[in-house]
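**Q** here you go, sequence then predicted model.
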Amino acid sequence: MNEDNKQYVTKERKEELQQELESLKTLGRQEISRRIEDAKKFGDLSENAEYMEAKEAQEMNERKIAEMEAFLKNAVLITKTKATGDVQIGSTIEVKSDAGKREFTIVGSEEADPAAGKISNQSPLGSAFLGNREGDTVDVHTPKGIVKYKIVKIH
């Protein structure tokens, strides 16, 4: 698998996705099956809107199951490794810029939530921090120009 295509997730997020997948496979399929059976009772399937809607829901559910299975099969678990001194996926860092101090956690794109300080390893900000050390100054290209961040601390 190409390094750029890896999807990094925390143990907690992987468990959430596995639970959601199991729910789609069991409860989701059961509910859709019930809807299809109920719709068949209305007669002619070629003009039966309830049946068509239930079949569309079934198709969407199966597509989501396939996507989630593929994602989970290829997901790379973010683990806390021995501190190497470098910013890595899973690192929480304190940075300082002209706008003040901020804290970011580098996560996979599946878990990114910039408002909560979780930035994707694939984002311009996250990828700029990767591999740098405490004390390094990192230039990040933004729509408003270059922003300089100094890495104050790596957790």
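**A** That came through, no problem.
**Q** C-alpha from now on. contacts and neighbour counts both.
**A** Will do.
**Q** burial check on residue 131, number of neighbours?
**A** Per other Cα atoms under 10 Å, the neighbour tally for residue 131 reads 12.
**Q** for it, grab phi and psi.
**A** phi 90, psi -10 (degrees, to the nearest 10).
**Q** thought it was touching residue 91?
**A** No - using Cα atoms under 8 Å, residue 131 is not in contact with residue 91, being 10.6 Å away.
**Q** does residue 79 count as helix, strand or coil?
**A** coil (DSSP: H, G, I helix; E, B strand; the rest coil).
**Q** what packs against the helix or strand where residue 73 lies?
**A** If you go by DSSP states H and E, residue 73 is part of helix 49-74. Helix 49-74 is packed against helix 11-23, helix 29-40, with contacts defined by 3 or more Cα pairs under 8 Å, 6 or more residues apart in numbering; DSSP states H and E.
**Q** residue 137: which of the ones you listed is closest?
**A** Closest approach to residue 137 among these is made by helix 11-23 (30.7 Å; Cα to Cα).
**Q** packing partners of that closest one?
**A** helix 49-74.
**Q** apply 10 Å and report the result again.
**A** Under the contact criterion of 3 or more Cα pairs under 10 Å, 6 or more residues apart in numbering; DSSP states H and E, helix 11-23 touches strand 7-9, helix 49-74, strand 75-77.
**Q** what does that helix contact?
**A** In this structure, residues lying in contact with helix 11-23 by Cα atoms under 10 Å, 6 or more residues apart in numbering are 8-10, 24-26, 28-30, 61, 64-69, 71-72, 75-79, 110-111.
**Q** if you set the cut-off to 7 Å instead, what comes out?
**A** Applying Cα atoms under 7 Å, 6 or more residues apart in numbering, the external contacts of helix 11-23 come out as 65, 68, 77.
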